[in-house]
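Peer 1: predicted structure and sequence below. I'll ask about it afterward.
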Amino acid sequence: MDLGDVSVTMEKEVTYYDSIIIRTLKIYKDQKELREVVQIQLTDWPDHLPPQNPSHLYSLIEYVDKGKTLGPVIVHCSAGNGRTGCFISIYNIVQCLRLLKEINQELQQNVKPFFSVF
């Protein structure tokens, strides 16, 4: 796609579970590569309904976590409010649960021996 002196090309597209599409896009300005963008699309989450397969949503969270090391993450659905807000909320809850699990494991390793002395 050409937009004057800016162009976008799709370098790669891979589909997982028939519902997660990962695309690698390159953005060029004046024919010089500016940035590589990874787009992750979940196709089985209809508007105004829950995801058809919740495990695919969790897989999407895993892919987003891996992609965070590559740069900023932008989340958007076609309307920009329902699924976007749900995904961000679910993502944050999963991150909190992971942190609580780490804290619990740390407490079990460090506090339990302390109390076994008594």
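Peer 2: On my side now, so go ahead. Numbers count the residues shown, from 1 in each chain.

Peer 1: for the chain, what spans make up the strands?
Peer 2: Taking DSSP state E, the strands of the chain run over residues 2-3, 6-16, 20-29, 32-42.

Peer 1: which of the ones you listed sits most buried?
Peer 2: Mean neighbour count (mean count of other Cβ atoms under 10 Å) peaks for strand 20-29 among those, with a mean of 15. For glycine as for every other residue, the C-beta is placed from the backbone atoms N, C-alpha and C.

Peer 1: restrict that strand to CA atoms and write it as CSV.
Peer 2: Backbone C-alpha positions of strand 20-29 (Å, rounded to 0.1, in the frame of the first residue of the first chain) are rendered in CSV as follows:
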residue,chain,number,x,y,z
ILE,A,20,-5.1,-16.3,15.2
ILE,A,21,-3.4,-14.5,12.3
ILE,A,22,0.0,-13.0,12.8
ARG,A,23,1.2,-10.6,10.2
THR,A,24,4.6,-9.0,9.8
LEU,A,25,4.4,-5.6,8.2
LYS,A,26,7.2,-3.2,7.1
ILE,A,27,6.7,0.5,6.9
TYR,A,28,8.9,2.5,4.6
LYS,A,29,9.4,6.2,4.1
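
Peer 1: partner strands of that strand and their direction?
Peer 2: Counting by DSSP bridges, the strands paired with strand 20-29 are strand 6-16 (antiparallel), strand 32-42 (antiparallel).

Peer 1: weakest of the ones you listed by average pLDDT?
Peer 2: Of all the strands paired with strand 20-29, the minimum mean pLDDT falls on strand 32-42 (a mean of 86).

Peer 1: what comes into contact with that strand?
Peer 2: 11, 19-28, 51, 56-57, 60, 63-64, 67, 70-71 (Cβ atoms under 8 Å, 6 or more residues apart in numbering).

Peer 1: with stretch 64-77 instead?
Peer 2: Outside stretch 64-77, the residues that reach it (Cβ under 8 Å, 6+ apart) are 35-36, 38, 40, 45, 47, 83-84, 87-88, 91.

Peer 1: go ahead and produce CSV holding the CA coordinates of it.
Peer 2: Provided in CSV are the C-alpha atoms of stretch 64-77 (Å, rounded to 0.1, in the frame of the first residue of the first chain):
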residue,chain,number,x,y,z
VAL,A,64,1.1,-10.3,23.0
ASP,A,65,3.5,-11.0,25.9
LYS,A,66,6.1,-12.3,23.5
GLY,A,67,5.7,-9.3,21.3
LYS,A,68,6.0,-6.7,24.1
THR,A,69,9.8,-7.1,23.9
LEU,A,70,9.7,-5.9,20.3
GLY,A,71,8.1,-2.6,21.0
PRO,A,72,4.9,-0.9,22.0
VAL,A,73,1.6,-2.9,21.9
ILE,A,74,-1.6,-1.4,20.4
VAL,A,75,-4.9,-3.1,20.9
HIS,A,76,-7.9,-2.4,18.7
CYS,A,77,-11.1,-4.0,17.4
